[in-house]
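> Sequence and predicted structure below; questions after.
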Amino acid sequence: MYNGIQKTEAVIDYIESGITSELDYNKLASIMNLSVYEFRRIFSFIVGCPISEYIRKRRLSLAATEIMTNDQIDILKISEKYGYSNQSAFTRAFCEQHGVSPSACMHDKTSINLFTCPKFSVSISGRENVPLKIIKTESFFIGGFTGVSPITDSCCCEDVWNSFYESGADKKL
(Lines give C-alpha, C1' and ligand atoms only; values in the text may rest on other atoms or scores of the structure.)
Protein backbone atom coordinates (compact mmCIF):
# COMPACT_ATOMS: atom_id res chain seq x y z
CA MET A 1 0.00 0.00 0.00
CA TYR A 2 2.71 2.46 0.99
CA ASN A 3 4.60 1.76 -2.25
CA GLY A 4 1.44 2.65 -4.21
CA ILE A 5 1.17 5.94 -2.32
CA GLN A 6 4.82 6.71 -3.05
CA LYS A 7 4.30 6.01 -6.75
CA THR A 8 1.17 8.18 -6.86
CA GLU A 9 3.08 10.99 -5.13
CA ALA A 10 5.88 10.57 -7.70
CA VAL A 11 3.33 10.97 -10.51
CA ILE A 12 1.90 14.11 -8.87
CA ASP A 13 5.42 15.52 -8.44
CA TYR A 14 6.23 14.75 -12.07
CA ILE A 15 3.04 16.47 -13.25
CA GLU A 16 3.70 19.53 -11.08
CA SER A 17 7.30 19.84 -12.29
CA GLY A 18 6.21 19.68 -15.94
CA ILE A 19 2.81 21.35 -15.67
CA THR A 20 3.63 23.96 -18.32
CA SER A 21 4.82 21.40 -20.86
CA GLU A 22 3.18 18.54 -22.73
CA LEU A 23 2.74 15.60 -20.36
CA ASP A 24 3.06 12.09 -21.73
CA TYR A 25 0.57 9.61 -20.25
CA ASN A 26 2.91 6.74 -21.15
CA LYS A 27 5.60 8.29 -18.93
CA LEU A 28 3.11 8.87 -16.10
CA ALA A 29 1.89 5.28 -16.36
CA SER A 30 5.46 3.95 -16.35
CA ILE A 31 6.17 5.77 -13.06
CA MET A 32 3.45 3.63 -11.48
CA ASN A 33 4.45 0.51 -13.48
CA LEU A 34 0.99 0.33 -15.08
CA SER A 35 -0.47 0.33 -18.56
CA VAL A 36 -1.91 3.68 -19.64
CA TYR A 37 -5.42 2.24 -19.36
CA GLU A 38 -4.86 0.99 -15.78
CA PHE A 39 -3.02 4.17 -14.83
CA ARG A 40 -5.89 6.38 -15.97
CA ARG A 41 -8.41 4.22 -14.14
CA ILE A 42 -6.43 4.04 -10.90
CA PHE A 43 -5.41 7.71 -10.93
CA SER A 44 -9.05 8.72 -11.33
CA PHE A 45 -10.04 6.47 -8.43
CA ILE A 46 -7.29 7.72 -6.10
CA VAL A 47 -7.42 11.43 -6.92
CA GLY A 48 -11.14 11.67 -7.59
CA CYS A 49 -11.03 13.00 -11.14
CA PRO A 50 -9.60 11.87 -14.49
CA ILE A 51 -5.97 12.69 -15.20
CA SER A 52 -6.79 15.12 -18.02
CA GLU A 53 -9.21 17.03 -15.77
CA TYR A 54 -6.65 17.08 -12.95
CA ILE A 55 -4.00 18.58 -15.24
CA ARG A 56 -6.45 21.12 -16.69
CA LYS A 57 -7.64 22.25 -13.25
CA ARG A 58 -4.10 22.50 -11.89
CA ARG A 59 -2.97 24.56 -14.89
CA LEU A 60 -5.92 26.92 -14.56
CA SER A 61 -5.33 27.27 -10.82
CA LEU A 62 -1.66 28.11 -11.32
CA ALA A 63 -2.56 30.55 -14.10
CA ALA A 64 -5.05 32.24 -11.76
CA THR A 65 -2.44 32.69 -9.03
CA GLU A 66 -0.06 34.28 -11.54
CA ILE A 67 -2.79 36.58 -12.84
CA MET A 68 -3.86 37.59 -9.32
CA THR A 69 -0.32 38.41 -8.21
CA ASN A 70 0.71 40.42 -11.27
CA ASP A 71 -1.69 42.97 -12.75
CA GLN A 72 0.71 43.70 -15.63
CA ILE A 73 0.87 40.11 -16.89
CA ASP A 74 0.03 39.36 -20.53
CA ILE A 75 -2.95 37.00 -20.59
CA LEU A 76 -1.99 35.70 -24.05
CA LYS A 77 1.43 34.64 -22.70
CA ILE A 78 -0.19 32.98 -19.68
CA SER A 79 -2.62 31.11 -21.91
CA GLU A 80 0.27 29.85 -24.06
CA LYS A 81 2.35 28.98 -21.00
CA TYR A 82 -0.40 26.71 -19.69
CA GLY A 83 -1.01 24.93 -22.98
CA TYR A 84 -3.85 26.82 -24.66
CA SER A 85 -3.57 27.41 -28.38
CA ASN A 86 -5.45 30.71 -28.23
CA GLN A 87 -6.57 33.24 -25.68
CA SER A 88 -10.30 32.70 -26.24
CA ALA A 89 -10.03 28.98 -25.41
CA PHE A 90 -8.08 29.88 -22.27
CA THR A 91 -10.61 32.54 -21.25
CA ARG A 92 -13.51 30.12 -21.76
CA ALA A 93 -11.82 27.41 -19.66
CA PHE A 94 -10.76 29.96 -17.03
CA CYS A 95 -14.32 31.28 -16.68
CA GLU A 96 -15.68 27.74 -16.45
CA GLN A 97 -13.18 26.85 -13.71
CA HIS A 98 -13.18 30.07 -11.67
CA GLY A 99 -16.45 31.79 -12.50
CA VAL A 100 -14.71 34.98 -13.63
CA SER A 101 -12.67 36.03 -16.64
CA PRO A 102 -8.88 36.31 -16.40
CA SER A 103 -9.05 40.10 -16.75
CA ALA A 104 -11.66 40.35 -13.97
CA CYS A 105 -9.42 38.16 -11.83
CA MET A 106 -6.49 40.46 -12.56
CA HIS A 107 -8.18 43.80 -11.93
CA ASP A 108 -10.99 43.08 -9.48
CA LYS A 109 -8.94 40.80 -7.24
CA THR A 110 -11.90 38.48 -6.88
CA SER A 111 -11.62 35.30 -4.87
CA ILE A 112 -11.39 32.01 -6.70
CA ASN A 113 -11.33 28.37 -5.71
CA LEU A 114 -7.93 26.82 -6.34
CA PHE A 115 -7.64 23.16 -7.24
CA THR A 116 -4.78 22.01 -5.03
CA CYS A 117 -2.47 19.00 -5.22
CA PRO A 118 -3.64 15.96 -3.32
CA LYS A 119 -1.67 15.00 -0.24
CA PHE A 120 -1.67 11.47 1.09
CA SER A 121 -1.40 10.20 4.61
CA VAL A 122 -1.74 6.82 6.20
CA SER A 123 -3.66 6.48 9.43
CA ILE A 124 -3.98 3.41 11.54
CA SER A 125 -7.01 2.82 13.69
CA GLY A 126 -7.97 0.05 16.00
CA ARG A 127 -5.43 -1.13 18.57
CA GLU A 128 -8.06 -1.20 21.30
CA ASN A 129 -9.67 -3.88 23.38
CA VAL A 130 -13.16 -4.69 22.21
CA PRO A 131 -15.32 -6.94 24.36
CA LEU A 132 -16.54 -10.07 22.58
CA LYS A 133 -19.18 -12.48 23.72
CA ILE A 134 -20.35 -15.46 21.68
CA ILE A 135 -23.96 -16.47 22.29
CA LYS A 136 -25.13 -19.87 21.12
CA THR A 137 -28.67 -19.87 19.75
CA GLU A 138 -30.95 -22.19 17.86
CA SER A 139 -30.37 -22.48 14.13
CA PHE A 140 -32.23 -20.07 11.91
CA PHE A 141 -32.99 -19.54 8.23
CA ILE A 142 -32.00 -16.54 6.12
CA GLY A 143 -33.96 -15.94 2.93
CA GLY A 144 -33.52 -13.34 0.27
CA PHE A 145 -34.45 -12.05 -3.14
CA THR A 146 -32.11 -10.86 -5.88
CA GLY A 147 -32.58 -8.85 -9.03
CA VAL A 148 -30.90 -6.40 -11.33
CA SER A 149 -32.01 -2.82 -11.96
CA PRO A 150 -30.90 -0.83 -14.98
CA ILE A 151 -28.25 1.81 -14.38
CA THR A 152 -30.78 4.46 -15.44
CA ASP A 153 -33.05 3.52 -12.52
CA SER A 154 -33.76 6.84 -10.79
CA CYS A 155 -35.33 5.24 -7.72
CA CYS A 156 -33.61 2.76 -5.42
CA CYS A 157 -33.84 -0.51 -7.36
CA GLU A 158 -37.45 0.14 -8.35
CA ASP A 159 -37.54 -2.72 -10.88
CA VAL A 160 -36.23 -5.20 -8.31
CA TRP A 161 -38.79 -4.13 -5.72
CA ASN A 162 -41.60 -4.38 -8.28
CA SER A 163 -40.58 -7.91 -9.25
CA PHE A 164 -40.24 -8.82 -5.55
CA TYR A 165 -43.87 -7.92 -4.87
CA GLU A 166 -45.22 -9.20 -8.21
CA SER A 167 -43.65 -12.63 -7.68
CA GLY A 168 -45.22 -12.97 -4.23
CA ALA A 169 -41.83 -13.34 -2.60
CA ASP A 170 -42.88 -10.87 0.09
CA LYS A 171 -45.55 -13.34 1.27
CA LYS A 172 -43.20 -16.35 1.14
CA LEU A 173 -40.55 -14.61 3.19
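Received it, and whenever you're ready, just let me know what you need.

> Could I get the full set of helices for the protein?
Using DSSP state H, the helices assigned to the chain run over residues 2-17, 25-31, 36-47, 51-69, 75-81, 87-98, 102-108, 158-166, 169-172.

> mind putting these in a markdown table, distance to residue 147 included?
In this view, the C-beta of every residue, glycine as well, is placed from N, C-alpha and C. A markdown table is the format used below for these (distance: least, Cβ to Cβ, whole Å):
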| stretch | distance to residue 147 |
| --- | --- |
| helix 2-17 | 36 |
| helix 25-31 | 38 |
| helix 36-47 | 28 |
| helix 51-69 | 35 |
| helix 75-81 | 52 |
| helix 87-98 | 40 |
| helix 102-108 | 52 |
| helix 158-166 | 4 |
| helix 169-172 | 10 |
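
> wait, which of those helices is closest to residue 127?
For residue 127, the closest of those is helix 2-17, at 18.3 Å, according to Cβ to Cβ.

> Just the buried residues of that closest one, please?
7, 8, 11, 12, 15 (16 or more other Cβ atoms under 10 Å).

> count of neighbours near residue 54?
A count of nearby residues for residue 54, using other Cβ atoms under 10 Å, gives 19.

> list the contacts for residue 93?
Counting by Cβ atoms under 8 Å, 6 or more residues apart in numbering, residue 93 makes contact with 56, 60, 84.

> so the last one makes contact with residue 90?
Read that as residue 84. Yes. Between residue 84 and residue 90 there is a contact at 3.8 Å, judged by Cβ atoms under 8 Å.

> residues contacting residue 146?
The neighbourhood of residue 146, defined by Cβ under 8 Å, 6+ apart, consists of residue 160.
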